[in-house]
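1. Need coordinates for the below:
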Amino acid sequence: MHAKEDVVLVVEDEEEARTSLVELIKLEGMKVLGFENGKVALDYLRMSDELPCLIVMDIRMPVMDGRQLRKVLLEDPKLSDIPIIVVTALDPAAARGLSATRVFRKPVDIDALVQVVRENC
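-> You can find the predicted model right below:
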């Protein structure tokens with residue numbers, strides 16, 4: 001894998017929320033890829049030659065949820081250093097143990113999210 005590039009992955013099963021996050025981050029001039037669950041995001045990461053600078057993800061998703069995705073990422077030396085931001089409708093305490101850079105509760109504070117994206121990318 002090569003060094004991190006200015007690509008952000010958004011992993012969110014709710015299409016409207018995913019689209020909104022993707023468009024918001026694109027406005028910051030970054031490349032953004034959206035995925036509907038952890039499995040398709042993980043498949044992309046394993047096939048890609050480039051690592052993203054950040055992953056923005058939900059916790060509750062079908063197929064592979066955020067907890068499962070984060071567990072696999074942390075166990076893979078090539079993927080374990082990718083920072084993650086959790087965006088969830090759950091209580092922020094639900095993100096404990098995920099080693100998240102930041103946890104946002106929906107609805108997201110857009111300015112704060114953009115700031116964290118800028119800091120990591």
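2. and the nearest residue to Ala41 once chain neighbours are set aside, how far is that from Val10?
-> The shortest distance from Ala41 to any residue other than its chain neighbours is 4.0 Å, reached at Phe35 (Cβ to Cβ, 6 or more residues apart in numbering). No exception for glycine: its C-beta is placed from N, CA and C like everyone else's. Phe35 sits 7 Å away from Val10, going by Cβ to Cβ, to the nearest Å.
3. where do the contact lists of the two overlap?
-> Here Phe35 and Val10 have Arg18 as joint contacts, going by Cβ atoms under 8 Å, 6 or more residues apart in numbering.
4. Compare those two and say which is more crowded by neighbours.
-> Val10 (27 against 22; other Cβ atoms under 10 Å).
5. quick one: that one is in a helix?
-> No. According to DSSP: H, G, I helix; E, B strand; the rest coil, Val10 belongs to no helix; its state is strand.
6. secondary structure class for the nearest residue to Asn120 once chain neighbours are set aside?
-> Spatial nearest neighbour of Asn120, excluding adjacent residues (Cβ to Cβ, 6+ apart): Leu54 at 4.5 Å. Three-state assignment for Leu54 (three-state DSSP): strand.
7. what's the answer for Gly29, then?
-> Following three-state DSSP, Gly29 is assigned to coil.
8. State the distance from it to Gln68.
-> To Gln68, Gly29 is 31 Å away according to Cβ to Cβ.
9. So those two - more neighbours on which side?
-> Gln68 (16 against 8).
10. What residue, apart from its backbone neighbours, is nearest the more buried one spatially?
-> Leaving aside its chain neighbours, Gln68 sits nearest to Gly38 (5.8 Å; criterion: Cβ to Cβ, 6+ apart).
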